[in-house]
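Chemist: Just to be clear, the model below is a prediction. Sequence and coordinates:
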Amino acid sequence: MRTGRPLLAAAALAVVTTATAYVLGPGAGQSPAESEKRTALTAADDAAAAACKADARHPKRELRGVWIATTQNIDWPSKPGLSPARQRAEYVKILDAAAKRNLNAVFVQVRPASDALYKSSLEPWTQYLTGKAGKDPGWDPLPFLVDEAHKRGMEFHAWFNPYRASYGDSTAKLPAGHPARKHPDWVVKYGGRLYYNPGLPAVRHHVTKVITDVVSRYDIDGVHFDDYFYPYPVAGQKFDDSAAFAKYGHGKKLAAWRRANVNTLVAEVDKAVHATKDYVKFGISPFGIWRNKSNDPSGSDTAGMSAYDSIYADTRAWIKAGTVDYVLPQLYWPRGHKLADYNTLVSWWSDEVKGTDVQLYIGQGLYRVGAKDDRTWRKPGELAAEVRVNREHKQVDGEVYFSAKNLLANPLGSVDRVVKDHYGRPALLPLMEERGGTAPPPPSGAEAAGSRISWTPSRGARAYAVYEVPKSGKDCYRTDARNLVAVVTSPSFTARSEGTYLITALDRLEHESKAVKVKVEAV
């Protein structure tokens, strides 16, 4: 089990607030009668919520994310060499599409191959911004990328590839100052590419240093690894790490040593991230099959590639050791697949995290929708059906879609189907208590002027949840999201209809305050 530490200072997480709110707190200036009335309303709200039965169609908390791949310009920017203004416009278009569909997290690739999508003294600028590796694009995109996500109430997870050094196999062609060019002994040529050798302590130190640098300098919410550890097997080729194995193997078998190298890096990154900013989450999106039952009785009843045996990624060890906050297995097979059935794998992963503090999200193969090689993926409702399967497993806390360009393309209308069936309301993020945080004070001074509701910002709040109380008066805001109409980052909201609204304050980890009521009498 992981051991969390409380956040050092709520003020460090606060949005800009008025001096009065900071010094006197919410409710400053209220008469005793007003304060007592609000307390009574809150008690009534709690009693009502206790009588509510959760509506499974509208979970209160659910991570809904999308991967934004920068490598090879898969998602963003759409091509190298675009102006900063065009790059910003393309990114905003992706975020607006995600927000429209009630998504609440983005996973943006900031280090595709030992390069940087941000200003770095440790690695060169990525070629995917300008078309030339090492060339300064004239701006640092990362603050903008983070801020735009936060403006829309979304978490920003910085996605790193730990071991890929170059898509080519020549250190001489890398920019001057590139770590692989400065330390050619760090890399292994394999499959026409360069990889950092996971068996070298110097490599682990460098990777951890790169990640710590980003965590310390940017306001990110998470550090994210994908499924690339030791390279995927290439027929007829050998990953030559024999010298490192001879020096550091210490009597282990090669496969066990390789897994231990990855496990060590994961543990070191986990420790470094949380030592730098305890509230930043660290998670990994592994290949969807840990091991097959034919390899190991505790594996899944599948017959695909084993990440444990082929790329030396032992996700089960990370879960047991608690060196990740979440796992996000890439389950890119449909229901009923002969070698890797989606239903089977969701059940297997659910069992693996059961009883631990590690959260489970599912990687959804949006890019596979409409694929000609699989009849099931030609069904518009397959993706929505998979989300329904996720919700049938209480250990599953959400899903992330690969990838952003497919979100925009909406193949076969599949994204619209997911939204219609499952994302009709916003959702708060799953709580991760071990990352600290605490509910802010409730908003104060809430009032309505026509259709516009406004309030005084709460100390420590980064966003606010807005609920519309149904005409029946039955308020279930603490139970589910059936009445959640918006998550906003500014202290105001424009109502679409007359009625009673509830406003709560959220810290950056989305601990939620008690609610205050506001009545809108004219729209």
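Modeler: Alright, I've got the coordinates.
Chemist: Just the local confidence number for Val523, please.
Modeler: We have a pLDDT of 85 for Val523.
Chemist: Strands of the stretch 101-250 of the chain, start to end?
Modeler: 105-111, 155-160, 164-166, 187-190, 193-196, 222-225 (DSSP state E, counting those that start in this stretch).
Chemist: Secondary structure element holding Trp455?
Modeler: strand 452-456 (DSSP states H and E).
Chemist: Neighbouring strands - and their directions - for that strand?
Modeler: Strand 452-456 sits in its sheet next to strand 444-449 (antiparallel), strand 492-494 (antiparallel), going by DSSP bridges.
Chemist: Same list, the ones you listed, but as CSV with mean pLDDT, mean neighbour count and distance to Arg482 please.
Modeler: The C-beta positions use only the backbone N, C-alpha and C, and glycine is treated the same way. Shown next, in CSV, are these (pLDDT from 0 to 100; neighbours: other C-beta atoms under 10 Å; distance: least, C-beta to C-beta, whole Å):
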stretch, mean pLDDT, mean neighbour count, distance to Arg482
strand 444-449, 97, 17, 21
strand 492-494, 98, 16, 18
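Chemist: Make a markdown table out of those and add distance to Ala371.
Modeler: Shown next, in a markdown table, are these (distance: least, C-beta to C-beta, whole Å):
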| stretch | distance to Ala371 |
| --- | --- |
| strand 444-449 | 50 |
| strand 492-494 | 41 |
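Chemist: who wins for proximity to Lys253 among those?
Modeler: Across these, the minimum distance to Lys253, taken as C-beta to C-beta, is reached by strand 492-494, at 60.0 Å.
Chemist: Contacts for that closest one next, please.
Modeler: The contact list for strand 492-494, computed with C-beta atoms under 8 Å, 6 or more residues apart in numbering, reads 451-455, 464, 466, 486, 501, 503.
Chemist: what sits up against the following helix or strand past the strand holding Trp455?
Modeler: Sequence-wise, the next helix or strand downstream of strand 452-456 (DSSP H and E) is strand 463-469. Outside strand 463-469, the residues that touch it by C-beta under 8 Å, 6+ apart are 153, 428, 443, 453, 455, 458, 475, 477, 483-489, 491, 493, 495, 497, 499-506, 510, 512, 515, 517.
Chemist: Name the spans of this protein whose pLDDT lies under the cut-off.
Modeler: Within the chain, the segments meeting pLDDT under 70 span 1-50.
Chemist: can you do 90?
Modeler: 1-51, 522-523 (pLDDT under 90).
Chemist: ok so, going back, return the member of the contacts of strand 492-494 nearest to Gly81.
Modeler: Checking the contacts of strand 492-494 one by one against Gly81 (C-beta to C-beta), the nearest turns out to be Ala486, at 37.6 Å.
Chemist: doesn't the closest one fall inside a helix?
Modeler: No. Checked against DSSP: H, G, I helix; E, B strand; the rest coil, Ala486 lies outside a helix; its state is strand.
Chemist: Alpha carbons of stretch 103-110, in PDB - could you do that?
Modeler: Written as PDB, here are the backbone C-alpha positions of stretch 103-110 (Å, rounded to 0.1, in the frame of the first residue of the first chain):
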ATOM      1  CA  LEU A 103     -13.600  14.800 -20.900                       C
ATOM      2  CA  ASN A 104     -11.600  15.900 -17.900                       C
ATOM      3  CA  ALA A 105      -7.900  15.000 -18.600                       C
ATOM      4  CA  VAL A 106      -5.300  15.200 -21.300                       C
ATOM      5  CA  PHE A 107      -2.100  13.100 -21.600                       C
ATOM      6  CA  VAL A 108       0.300  15.100 -23.700                       C
ATOM      7  CA  GLN A 109       3.500  13.700 -25.000                       C
ATOM      8  CA  VAL A 110       6.300  16.100 -24.000                       C
END
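Chemist: Surely Ile352 touches Arg316?
Modeler: One correction, residue 352 is Glu, not Ile. Yes. Contact criterion C-beta atoms under 8 Å: Glu352 and Arg316 qualify, at 6.2 Å.
Chemist: Give me the common contacts of the two.
Modeler: Counting by C-beta under 8 Å, 6+ apart, the contacts common to Glu352 and Arg316 are Trp290.
Chemist: Count the neighbours of Ile74 for me.
Modeler: Close neighbours of Ile74, defined as other C-beta atoms under 10 Å, add up to 19.
Chemist: err, Thr489, not the other one
Modeler: Count around Thr489 with other C-beta under 10 Å applied: 15.
Chemist: what's near enough to touch it?
Modeler: Thr489 touches 15, 150-153, 462-464, counting by C-beta under 8 Å, 6+ apart.
Chemist: again, 10 Å this time
Modeler: 15, 150-154, 461-464, 506 (C-beta atoms under 10 Å, 6 or more residues apart in numbering).
Chemist: now swap in Ala449 and tell me
Modeler: 492, 520, 522.
Chemist: ok, the second one touching Ser451?
Modeler: So the one you mean is Val520. Yes. The criterion here is C-beta atoms under 10 Å, and Val520 meets it with Ser451 at 6.2 Å.
Chemist: Looking at the two, which one has more neighbours?
Modeler: The residue with more neighbours, out of Val520 and Ser451, is Val520; 21 against 15, by other C-beta under 10 Å.
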